[in-house]
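In: Need a 3D model of the following:
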Amino acid sequence: MARQYIDIDTLKFLLYNVHNLQEVLDQARFKDYDLGSVELFINATKDFSDKELYPYFQEMDAHAAYFEDGEIIVHPQVREYMKKGGEMGLIAALFDYEVGGLQMPSMVVTAATYLQETANNHLPGYIGLTLGAAELIVHFGNEDLKETFVPKMLTGAWGGTMCLTEPQAGSSLSDIVTTAEPDGDSYKISGQKIFISGGDYQGVENIVHLVLARIKGAPAGTKGISLFVVPKNRSDDQGNLISNDVATLGDFQKMGQKGYCTTHLSFGDKNDCEGWLVGEANLGLKYMFMMMNGARIGVGRGAAAIAMAAYQASLAYAKERPQGRSLTSSGKKDVSQEQTLIINHPDVKRMLLLQKVISEGALSLVLLSSKYQDLSVTHPDAEVREKYHNLLEMLTPIAKTYPSEMGSVSVSNGLQVLGGYGFCSDFILQQYHRDIRIFPIYEGTTGIQSLDLLGRKVTMNNGIGLQLLSAEIMDTIKQASAHEELASYAKTLGNKLELVQQVLKFLIPFAQKGNYERFLSDATVFMEFFGNIIIGWLWLDMAVNAKNALKAEDNKYPRDFYLSKIHAMKFYYKYELSKTSALAEILLNEEVLTIDRDHKIFN
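Out: Okay, the predicted model is just below:
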């Protein structure tokens with residue numbers, strides 16, 4: 001049975017050609033891998049997704065996770081997925097050989113996870129959180145913590161979570177009140193955490209929570225937050241698992257991603273919840289952000305995957321659905337003609353092309369971010385590692401935000417392609433529409449990512465990240481200028497870079513004068529403006545690669561495949577990149593309308 005949830009050729013084109021995976025495989029850490037072995041892994045993951053993920057996607061939506069008798073009941077496929085995913089190495093893939101990992105590049109793991117998420121976005125989070133929690137223990141935990149928890153997590157026998165949010169403290173982590181009191185070699189943990197994805201389910205023997213808490217007497221604010229390993233069950237003196245006083249109070253019933261449980265947890269109601277400090281006291285937020293930065297790219301990857309799956313579904317529908325007739329040269333419809341397929345209507349083509357440029361552009365952004373992640377830690381030259389670290393810092397908030405925000409727009413257009421059927425549960429677009437809406441909220445809202453981009457990343461180290469990113473863009477502009485068909489688009493992108501400088505020249509003086517509220521008041525507008533330009537760069541890069549392949553008569557993909565990339569780039573520049581002029585007009589407007597305290601603006 002054909003699985004119309006992904007364009008595998010586009011994934012491989014971006015992975016191998018546009019972003020040159022070979023450059024990452026050339027690093028010493030990955031000497032055991034070549035393009036052939038990566039291809040086998042990607043194809044095996046596609047086969048796994050066809051059999052173990054996609055068939056359960058709609059079923060998991062129809063039969064949502066729920067709370068009953070103190071437990072979260074999830075779809076039985078969660079257990080199968082954790083077991084078989086562990087056996088395939090999907091959890092262990094990123095880790096060193098020394099801890100039982102496969103030592104794969106982040107680029108490859110990102111591609112494989114994306115593939116799974118296009119098939120069923122409800123399941124991969126269970127593995128993703130387990131991977132992230134294990135990664136924190138490996139990096140910052142002592143040997144005892146590593147030996148106790150990591151092996152079982154990497155096989156999928158035990159799950160993992162990150163526990164940050166509390167009822168009174170969402171994004172404001174400085175306000176958390178969960179406490180940790182020294183108790184011999186461990187700590188007594190007490191408090192509540194909410195919105196904990198994968199926080200409790202029967203698919204694993206144990207769940208290892210990474211919990212942010214305050215040791216009694218610690219400094220106020222974020223400087224007094226520590227990180228603890230707090231398992232649902234702990235081992236007794238005989239090595240048997242016993243309850244660790246972690247209670248599940250409920251599961252949040254959501255509009256989407258219903259098969260991916262989201263729990264409310266309570267720690268220490270009976271004063272018998274033990275936690276073990278990870279690393280040093282009061283450095284918990286620093287440690288957690290290592291996981292969160294990767295998680296933010298992961299959120300972008302998940303949104304990009306949903307956008308791609310929705311595009312494939314609406315494209316397939318448009319190729320089959322007859323309705324209306326093409327206009328004749330007189331501008332009238334000839335009712336004697338047979339109905340035409342809706343894909344032949346210009347407005348439907350516009351919506352489909354919008355889905356294409358958003359979903360494929362978002363995937364390109366996520367893969368490039370993972371490449372920077374690989375090279376920032378594996379390249380032998382320290383200066384080069386620092387370069388890629390700075391580039392990664394710049395792209396991370398965009399990689400989280402653009403796929404999430406524009407992916408929602410893309411899926412909404414896909415639903416519109418189906419018309420009334422798109423709103424009906426018999427068709428899958430409405431599920432994608434519901435599922436993707438959480439992604440602009442996951443792991444720091446769009447507003448928070450925008451503050452990070454403009455307030456921290458653009459200005460960090462005297463703007464070195466922006467300078468490096470501009471240099472990368474200019475390199476693509478230079479390559480595109482060598483092709484007559486692409487030269488005008490290269491010039492347009494160069495003009496947009498100049499527009500970025502104009503906007504920053506206007507905004508940064510506010511920060512220099514200490515008026516940070518004014519500086520950041522339109523940070524979300526800047527995110528949309530700058531993210532749009534970054535995707536324009538990535539589409540020009542795709543067009544350059546397609547043009548080079550056509551010139552070289554490369555037949556790895558059909559000629560129409562390459563031509564479609566060039567056409568999509570042109571569409572993006574006409575319909576999307578042009579919007580940055582209006583956004584710049586907003587950013588350069590001196591009138592301030594969102595920080596007026598002199599009178600009430602809401603009646």
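
In: Which elements pack onto the helix or strand hosting Lys400?
Out: Secondary-structure assignment from DSSP states H and E places Lys400 in helix 382-417. Contacts defined by 3 or more Cβ pairs under 8 Å, 6 or more residues apart in numbering; DSSP states H and E place helix 382-417 against helix 284-318, helix 346-378, helix 429-436, helix 446-452, helix 464-481, helix 523-551. Quick note: C-beta positions are derived from backbone N, CA and C, even for glycine.

In: Indicate which one of these is closest to Met394.
Out: Of all these, the one in closest proximity to Met394, counting by Cβ to Cβ, is helix 464-481 (4.0 Å).

In: Now do that closest one against helix 346-378, angle only.
Out: 120 degrees (axes from the mean of the first three to the mean of the last three Cα atoms, to 10 degrees).

In: Against which helices or strands is helix 464-481 packed?
Out: Going by 3+ Cβ pairs under 8 Å, 6+ apart, helix 464-481 lies up against helix 382-417, helix 487-512, helix 523-551.

In: With mean pLDDT and mean neighbour count added, can I get those in a markdown table?
Out: Below are these laid out as a markdown table (pLDDT from 0 to 100; neighbours: other Cβ atoms under 10 Å):
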| stretch | mean pLDDT | mean neighbour count |
| --- | --- | --- |
| helix 382-417 | 97 | 23 |
| helix 487-512 | 97 | 16 |
| helix 523-551 | 98 | 22 |
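
In: okay, and for the stretch 201-350 of the chain, where does confidence drop off?
Out: The model of the stretch 201-350 of the chain has pLDDT under 70 over residues 328-336.

In: can you do 80?
Out: For the stretch 201-350 of the chain, the stretches flagged by pLDDT under 80 are 290-292, 325-337.

In: Also the stretch 51-200 of the chain?
Out: Applying pLDDT under 80 to the stretch 51-200 of the chain flags residues 169-175.

In: Can you show me the helices along it?
Out: With DSSP state H, counting those that start in this stretch as the criterion, the stretch 51-200 of the chain has helices at 57-62, 77-88, 106-119, 124-140, 143-154.

In: ranking the ones you listed by burial, who's on top?
Out: Ranked by average neighbour count under the criterion mean count of other Cβ atoms under 10 Å, the helices of the stretch 51-200 of the chain are headed by helix 106-119 at a mean of 25.

In: by contact count, what packs against that one?
Out: On a contact count with 3+ Cβ pairs under 8 Å, 6+ apart, helix 106-119 meets helix 8-12, helix 21-25, helix 35-52, helix 124-140, helix 284-318, helix 346-378.

In: do that again at 10 Å, thanks
Out: Judged by 3 or more Cβ pairs under 10 Å, 6 or more residues apart in numbering; DSSP states H and E, helix 106-119 is in contact with helix 8-12, helix 21-25, helix 35-52, helix 77-88, helix 124-140, helix 284-318, helix 346-378.

In: among the helices of the stretch 51-200 of the chain, which is nearest Thr445?
Out: Closest among the helices of the stretch 51-200 of the chain, once you apply Cβ to Cβ, is helix 124-140, at 18.0 Å.

In: and the closest one, how far from the chain's centre?
Out: Distance of helix 124-140 from the chain centroid (Cα atoms, centre = their mean, to the nearest Å) equals 15 Å.

In: And for stretch 421-428?
Out: Per Cα atoms, centre = their mean, the centroid offset for stretch 421-428 relative to its chain is 26 Å.

In: and what of stretch 183-200?
Out: For stretch 183-200, the separation from the chain centroid amounts to 26 Å (computed by Cα atoms, centre = their mean).

In: Give the buried residues for it.
Out: Of the residues in stretch 183-200, 186-200 count as buried by neighbour count, 16 or more other Cβ atoms under 10 Å.

In: List just the nearest of the residues you listed to Lys505.
Out: Closest to Lys505 out of the buried residues of stretch 183-200 is Phe195 (39.8 Å), distances taken as Cβ to Cβ.

In: any idea how far the closest one lies from Gly268?
Out: Counting by Cβ to Cβ, to the nearest Å, the gap from Phe195 to Gly268 is 19 Å.

In: Ok, Thr445 next?
Out: As judged by Cβ to Cβ, Thr445 and Gly268 stand 29 Å apart.

In: Those two: which has the busier surroundings?
Out: A direct count of neighbours by other Cβ atoms under 10 Å for Thr445 and Gly268 places Gly268 higher, at 23 against 17.
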